[in-house]
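>>> build me a model from this:
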Amino acid sequence: MKIQGNKPAEGQEISINAQKTGKIDAKEKVAQPEKPKSTNDRVDISGKGKEIAEIMAQINQLPDIRTERVNAIKKAIETGNYKIDPMKIAQKFLEEM
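Numbers count the residues shown, from 1 in each chain. Got it, this is the predicted structure:
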């Protein structure tokens, strides 16, 4: 083998290193194709996540309109017994702002 300066002849470094050490040189790594990555996707949900999902399922089963409450308010309006507290309404407006 002929050594020219501090570097071996072109191409010898990779083959010599691979033969002696069994390791792959950085130059050789670039030339090798990458292995295909797994196509299986996976999601892990924590215990809290599962608990939240169960609660959300229960909430989704509740009716959007509480018909018994609506009917009670309608009846109170019709009979003149429904009283509105303007201070409560004003307070809710301020809380929302």
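>>> CA atoms for contacts and neighbours, from now on please.
OK.
>>> looking at the chain, which helix or strand does the model trust least?
helix 12-21 (a mean of 49; mean pLDDT, DSSP states H and E).
>>> okay, the residue nearest to Ile73 when sequence neighbours are not counted: pLDDT?
Take Ile73 and drop its neighbours on the chain: the residue closest to it by CA to CA, 6 or more residues apart in numbering is Tyr82, 7.0 Å away. Looking at Tyr82, its pLDDT reads 91.
>>> surely Tyr82 forms part of a strand?
No - in this structure, Tyr82 is coil, not part of a strand, as judged by DSSP: H, G, I helix; E, B strand; the rest coil.
>>> phi and psi next, for it.
The phi/psi pair for Tyr82 (degrees, to the nearest 10) reads phi -80, psi 120.
>>> what's the local residue count around it?
Using other CA atoms under 10 Å, Tyr82 has 13 other residues around it.
>>> how far away is it from Lys92?
Distance, Tyr82 to Lys92, using CA to CA, to the nearest Å: 19 Å.
>>> same question, Ile73
Taking CA to CA, one finds Ile73 at 19 Å from Lys92.
>>> for those two, indicate the residue with more neighbours.
Counting neighbours by other CA under 10 Å for Ile73 and for Lys92 shows that Ile73 has the greater number, 14 against 11.
>>> what score does that one have for pLDDT?
94.
>>> I'd guess it is in a helix, am I close?
Yes - counting by three-state DSSP, Ile73 falls inside a helix.
>>> am I right that it is in contact with Lys83?
No - with contact defined as CA atoms under 8 Å, Ile73 does not reach Lys83; the gap is 10.1 Å.
>>> how about the helices in the protein?
Using DSSP state H, the helices found in the chain span residues 12-21, 26-31, 47-61, 67-79, 86-96.
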